[in-house]
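Student: pasted the sequence and its predicted model underneath.
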Amino acid sequence: MDETGTAESKVLNILHNIKEKDVPFERVLSSMCTMPHPLAVKAHTEFIETNLGDPTVFSGTKELEGRVITMLGSLLHAPNAHGYVTAGGTESNIQALRAARNLSGKAHPNVVIPESAHFSFDKAADVLGIELRKASLDEEFRVDPASVEVLTDKNTIALVGIAGTTGLGQIDPIDVLAEIALSHDLFLHVDAAFGGLVIPFLDKEYSFDFKVQGVSSMTVDPHKMGTSTIPSSALLFRDRACLDALTTSTPYLASRAQHTLAGTRTGASIAATYAVFKYLGRSGYKRIVTRCMKLVSMIEQEAAVMGIPLAIQPVTNVIALRVNSPEEVAFRLKERNWYVSTIFEPKALRLVVMPHLTEEILNTFLDDLKDVLGVAKC
Ligand code: 0PR
């Protein structure tokens, strides 16, 4: 820090110049986040000083958090869900497994997750002292229930299913996992960080949420397809006892207990999430998801014309193109200022079609992709 301050205009200028180094979203096809909705930004700014580490002081903001949880709960078929807004899918997944561990009382707990699970579960296992067992996938890259069953034993405390996998946007057979969970009296967590605000708005129906008896908890992230501001994820439990299993007493605060992992935590993104949910409603999200899925179809058609096979038929707004050397293709696209990601199993170029993308952007991208792949333009 300098000894004396700097003029506001100069500070803003520095910030502006530094931000130029970030990639604008128009060039990003690798992100599960997007430009926040303008109303979310307004609401975020309005609540910028709020701290839900002290809900007695910020009781209005606390009420908003309750409304967000109820809105998400009713969307996901548990209108009486218990939970709170976390800093992200990672925190939600850690806390879900922490609740399962605390409730189990087992000394050497293990959790069975799909091989396709996000790396936040590796962090959760490390933090919580839980053994992770990774179940194999079927040919459509959904978890194979037979593999889950084999890995389950007397020390298993929870199963995890993914609704909208990070790599392919695939949806695990949550209803089958729920049957296994119920038959062994196990906790079942559904990581719908990405899919939670996509799947309810698809034309095809999936059994993936609390409608399925046996689902104990869910992660769903408004800062991904919810177009809210970061940090905004929600952890939802069917039963109050799960939230209670996370309680820490806070003797010197006016509110005597916390179930959150964070202490000080912003209410700004909660206000943003409430605002965008209220403003868009289910029909607004249906429009967003339908538009993204149309763009996915457009890429799919172009891929067919180019003769590029897909890893799977897209289920959500993620599309993976099987090219020979994805890393090389991604590198050459980056030279043209396009940001895509690659996956290893299956080997593919992964495109996440988020709301910031348009037909025009994607057409330009596809032209560059054709060039990079040496495919003749038609
Ligand atoms: N669960 C699933 C299924 C996820 O896809 C992710 C993140 C998480 C949990 C963890 O969520 P947080 O990152 O909110 O803690 N998925 C994205 C990914 O790894 C995160 C991301 C978003 C990465 C935007 C890059 C980016 O530009 O791809």
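Tutor: The structure has been received and is ready for your questions.

Student: for Ala254, give me the pLDDT.
Tutor: In this model, Ala254 is scored at 76, pLDDT.

Student: just checking, it touches Val57?
Tutor: Yes. With contact defined as Cβ atoms under 8 Å, Ala254 reaches Val57; the gap is 7.5 Å. (Glycine included, C-beta is placed from N, CA and C.)

Student: for the ligand, what's the nearest residue on this protein?
Tutor: Gly89 (2.5 Å; Cβ to the nearest ligand atom).

Student: near the ligand, which residues of the stretch 51-200 of the chain? Just list them.
Tutor: Gly88, Gly89, Thr90, Asn93, His118, Ser120, Ile162, Thr166, Asp191, Ala193, Phe194 (Cβ under 6 Å from any ligand atom).

Student: now do the strands in the chain.
Tutor: 82-86, 110-114, 131-135, 156-162, 187-192, 217-220, 233-237, 248-249, 257-258, 318-321, 341-344, 347-352 (DSSP state E).

Student: hey, which of these is tucked in deepest?
Tutor: Of these, the one with the most neighbours on average (mean count of other Cβ atoms under 10 Å) is strand 217-220, at a mean of 32.

Student: so what strands line up beside that one?
Tutor: strand 187-192 (parallel), strand 233-237 (antiparallel) (DSSP bridges).

Student: mean pLDDT added to those strands, as CSV?
Tutor: Below are these laid out as CSV (pLDDT from 0 to 100):
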stretch, mean pLDDT
strand 187-192, 99
strand 233-237, 98
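
Student: quick one: contacts for the residue of the chain closest to the ligand?
Tutor: Going by Cβ atoms under 8 Å, 6 or more residues apart in numbering, Gly89 touches His118, Ser120, Asp191, Ala193, Phe194, Thr219, Asp221, Lys224, Ser233.

Student: so for it, what pLDDT did the model give?
Tutor: 98.

Student: touching, Met32 and Met354? I think so.
Tutor: Yes. Applying Cβ under 8 Å, one finds Met32 in contact with Met354, separated by 7.2 Å.

Student: which residues are common contacts for the two?
Tutor: Joint contacts of Met32 and Met354 (Cβ under 8 Å, 6+ apart) are Met225.

Student: so which of these two has more stuff around it?
Tutor: Met354 (23 against 20; other Cβ atoms under 10 Å).

Student: need the contact list for the closest residue to that one other than its chain neighbours.
Tutor: Leaving aside its sequence neighbours, Met354 sits nearest to Thr34 (Cβ to Cβ, 6 or more residues apart in numbering; 4.1 Å). Contact partners of Thr34, counting by Cβ under 8 Å, 6+ apart, are Phe25, Lys224, Met225, Thr227, Met354, Pro355, His356.

Student: looks like Thr247 contacts Gln258 (just checking).
Tutor: Yes. Thr247 is in contact with Gln258 according to Cβ under 8 Å; the separation is 7.3 Å.
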